[in-house]
Each structure stands twice: as structure tokens, then as C-alpha cells.
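Trainee: model the structure of this input:
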Amino acid sequence: MELNDLYRDVILDHNRNPRNFGPLQNADAQAEGFNPLCGDRLTLRLKLDGDTIADVRFEGDGCAISTASASLMTEAVKGKTRAEALDVFERVHRLLTADDASGADLGKLAALSGVREYPARVKCASLCWHTLTKALSPADGAGAAVSTE
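Mentor: Next comes the predicted model:
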């Protein structure tokens, strides 16, 4: 299967059947994200067990890429420590923005590399990831929404 086919199939699957979508009661951390370019809105909630992300869920309205990226992200960071989740963020950010990033070590997240072909959509794919960093670092301007602009 070619990477373009993988990109399309994974994005379509996670958009149609988003994982970890819906409310999360008694969340320990949350952040809001907004992409004014295409109107994506996201609320991300985390349940922490010490330093580990025990559960993560998202709600909101977004384009297929935004929804699929959030779904993939929640699967990737559940069970990870803050530091591990932030490391995944850095690797995905490089995948989305650096021409030489392969994503070979990212599993299903490597499918997001197809977004690089559409520069205007990188913000759609990265919104949830920036929102995650905000939720994991609430002291950095707590209460302020993350924006891609």
C-alpha cells in the first residue's frame, strides 16, 4: 500500500469513526483550540493518574483532517506520561512541517505526513496537538484558548 493510500484510508477511518470522541467527566486538565482559517473547534480533556494520561477525550467540530488527527492523537497519548506525550507532539510537529521527516517510528501517526502536501491544512492537523500541549501545561496562560493564528 502506498503512503498516499494509507494517508487517505487512515484519515477517512478516523474522521468517520473518531476514537475517544465525547465528554470526559471529572477531567483533571482541559484546553480549547480554534482554527479560524477553517473553523475547527476542539475541547480536549485529560484524566491524569499522577503524571500519566489515564484517559483523554475530545469534542468539537472540525474538518476531516482535524477530526482524524485528534482521534489519532488520543490513541497515541493515552497511557503515556506528560514527557512521553510531549515527545510524540515534537515528532508529529516535525512530521507535519519538515520535508525530511519520515515518521517511520510513529506507527499510524505517520499517515499524517500526507498533510504536508497541502500546506493550508497543516494547521488543521496540528490544532489538537497544540491543544494537548496547552492542557499539559496549564500554568502557561491558563484559560486562554489555543489558536492556529
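Trainee: contacting residues for Ile53?
Mentor: Listed by Cβ atoms under 8 Å, 6 or more residues apart in numbering, the contact partners of Ile53 are Leu46, Lys47, Val77, Lys78, Gly79, Lys80, Thr81, Arg82, Ala85. For the C-beta atoms, the positions are set from N, CA and C on the backbone; glycine is no exception.
Trainee: please repeat the previous calculation with a cut-off of 10 Å.
Mentor: The neighbourhood of Ile53, defined by Cβ atoms under 10 Å, 6 or more residues apart in numbering, consists of 28-29, 46-47, 74, 77-82, 84-85, 132, 135-136.
Trainee: check Asp99 too.
Mentor: Remark: with contacts taken as Cβ under 10 Å, 6+ apart, Asp99 is in contact with Arg116.
Trainee: residues near Cys63, how many?
Mentor: Using other Cβ atoms under 10 Å as the criterion, Cys63 is surrounded by 18 other residues.
Trainee: hang on, it packs against Asn35?
Mentor: Yes - between Cys63 and Asn35 there is a contact under Cβ atoms under 10 Å: 8.6 Å.
Trainee: intersection of neighbour lists for these two?
Mentor: Arg121, Cys124, Ala125, Leu127.
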